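Below: sequence and its predicted model.
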Amino acid sequence: RPMDRVRAAKLFFEAADAGEPIAQYRSGMLLLSGEGAPRDLDRAESQLRAAGKQGHLAAMIALGEYYSRGDGREPDLREAEIWFRRAADGGDVHAAFIAGRFAATGDASYKNLPDAAKYFRKAAEAGHVIAAFNYAAFCASGTGVEVDPVQARGWYQVAAEKDFPAAQVRLARMMLAGEGGERDIAGARGWLERAAAQNDAEAKALLATVFLLGDKANRDVGKAETLLREAANSGLSAAAMQLGHLYAGRYDVAARPEDAMRWYTIAAEAGQAEAQYILGVMHRHGRVVPQNAAAAASWFARAAESG
């Protein structure tokens, strides 16, 4: 009830004035929301800072969020980073992830990749799935840490086991290439199937490649075609490119030139340099389409620009 909130706010303010950190935190939150007392951002900030300086973890997080938002004022990302780092050092998992992101991007102050790696690992060890994925990527590329494919594969698996599709795809790529451990086609296929079941287009395209290039136990052109169509129709231009190759007869299947031309065109219009070059060749030599030197030159120029 309104009177109860007013009375509670008064009691919290009295305790806060006496230096009690929980009361300072609660007072700050009441003043931020305007419940039980008029909204007062200056007093709210002061109370939260007082609590934060005494080690109150929730106050540190509230300050990080407050400075990130601005609440009608200019956001202060540098101050937000300071408080998120303090909360991270105090053991908050999400704050560690945010601190890692600030350090990785340099959006708040300056980029510090070793710090980013440190905070991502801290959050990952506490179960934060995106932090585990980020730390795996750092280990794979040597960002902020030494290149370590074994660690990368291990952390991708941690994230993959929590059904994070991007991690499942990265893990499958490492398994297919034998990076960070033994080559494991069956294991890679399993992870790709899990990611594809979540409608991940990249997983579908890579799984299609496994079906097209695999041994007798894995080869399945029909499944590959279905997966590539689904991925391409969702906007993945690399899948459209693979469909062009499939219908051009590159995977030991009967060529369907008109279909190849259609999918190469879709991929080319989306910026795939190889598809643009192939269309240039087709127009130059009159394959599937009438010979057209101007169209060929245009596609070759676009391929050169795309790299």
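That came through fine. Residues are numbered from 1 along each chain as shown.

What segments of the stretch 51-200 of the chain are helices?
Counting by DSSP state H, counting those that start in this stretch, the stretch 51-200 of the chain has these helices, from start to end: 57-69, 77-89, 93-105, 113-125, 129-141, 149-160, 165-177, 185-197.

What is the neighbour count of Thr105?
Counted with other CB atoms under 10 Å, the neighbours of Thr105 add up to 11. C-betas here are computed from N, CA, C, even on glycine.

What count of nearby residues applies to the nearest residue to it once chain neighbours are set aside?
The shortest distance from Thr105 to any non-neighbouring residue, by CB to CB, 6 or more residues apart in numbering, is to Lys111 (6.8 Å). For Lys111, the count of nearby residues is 14 (other CB under 10 Å).

circling back: next, format the helices of the stretch 51-200 of the chain as TSV and append distance to Asn233 and mean pLDDT.
Formatted as TSV, those follow (distance: least, CB to CB, whole Å; pLDDT from 0 to 100):
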stretch	distance to Asn233	mean pLDDT
helix 57-69	38	96
helix 77-89	39	96
helix 93-105	33	97
helix 113-125	34	97
helix 129-141	26	98
helix 149-160	25	98
helix 165-177	18	98
helix 185-197	14	97
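
who touches the nearest residue to Met174 once chain neighbours are set aside in this structure?
Excluding its sequence neighbours, the residue lying closest to Met174 (CB to CB, 6+ apart) is Arg153, at 4.9 Å. Going by CB atoms under 8 Å, 6 or more residues apart in numbering, Arg153 touches 136, 171, 174-175, 179-181.

change it to 7 Å
171, 174, 179-181 (CB atoms under 7 Å, 6 or more residues apart in numbering).

out of these, which are buried?
For the contacts of Arg153, a burial check counting by 16 or more other CB atoms under 10 Å picks out 171, 174, 180.

Strands of the stretch 151-300 of the chain, residue ranges please.
Under the criterion DSSP state E, counting those that start in this stretch, the stretch 151-300 of the chain contains no strands.

Mind exporting the C-alpha coordinates of stretch 28-43 to PDB?
The C-alpha trace of stretch 28-43 is given here as PDB (Å, rounded to 0.1, in the frame of the first residue of the first chain):
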ATOM      1  CA  GLY A  28      19.000   4.200  -3.900                       C
ATOM      2  CA  MET A  29      16.700   1.800  -5.700                       C
ATOM      3  CA  LEU A  30      13.600   3.500  -4.200                       C
ATOM      4  CA  LEU A  31      14.800   6.900  -5.300                       C
ATOM      5  CA  LEU A  32      15.600   5.600  -8.800                       C
ATOM      6  CA  SER A  33      12.000   4.200  -9.200                       C
ATOM      7  CA  GLY A  34      10.200   7.000  -7.300                       C
ATOM      8  CA  GLU A  35       8.400   4.400  -5.100                       C
ATOM      9  CA  GLY A  36       7.800   5.700  -1.500                       C
ATOM     10  CA  ALA A  37       9.600   8.900  -2.200                       C
ATOM     11  CA  PRO A  38       9.900  11.400  -5.100                       C
ATOM     12  CA  ARG A  39      12.300  10.300  -7.800                       C
ATOM     13  CA  ASP A  40      15.700  11.800  -7.200                       C
ATOM     14  CA  LEU A  41      18.600  10.600  -9.400                       C
ATOM     15  CA  ASP A  42      21.300  12.500  -7.600                       C
ATOM     16  CA  ARG A  43      20.300  11.100  -4.200                       C
END
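
can you list contacts of it?
5-6, 8-9, 12, 44, 47-48, 51, 59, 62, 71.

Please convert the buried members of the residues you listed into ChimeraX selection syntax.
Listed next is the ChimeraX selection for buried residues among the contacts of stretch 28-43, using 16+ other CB under 10 Å:
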select :9,12,44,47,48,51,59,62
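
and of the contacts of stretch 28-43, the nearest to Gly19?
Gly19 lies nearest to Ala51 out of the contacts of stretch 28-43, by CB to CB, at 9.7 Å.

right, and the closest one touches Ser27 too?
No - in this structure, Ala51 is not within contact of Ser27 by CB atoms under 7 Å, at 8.5 Å.

For Ile22, see how far away Asp40 is.
According to CB to CB, to the nearest Å, Asp40 and Ile22 sit 19 Å apart.

what's the answer for Thr209, then?
With CB to CB as the criterion, Thr209 and Ile22 are 57 Å apart.

Just give the number of residues close to Gly127.
Using other CB under 10 Å, the number of residues around Gly127 comes to 11.

what's the answer for Ala99, then?
Neighbour tally, Ala99, other CB under 10 Å: 30.

Then the one 10 residues further on?
Using other CB under 10 Å, Ser109 has 13 neighbouring residues.

Just list the residues touching it, thanks.
78, 81.

how about the spatially closest residue to Arg121 that is not a sequence neighbour, what does it touch?
Spatial nearest neighbour of Arg121, excluding adjacent residues (CB to CB, 6+ apart): Tyr135 at 5.0 Å. By CB under 7 Å, 6+ apart, the residues touching Tyr135 are 117, 120-121, 124, 155.
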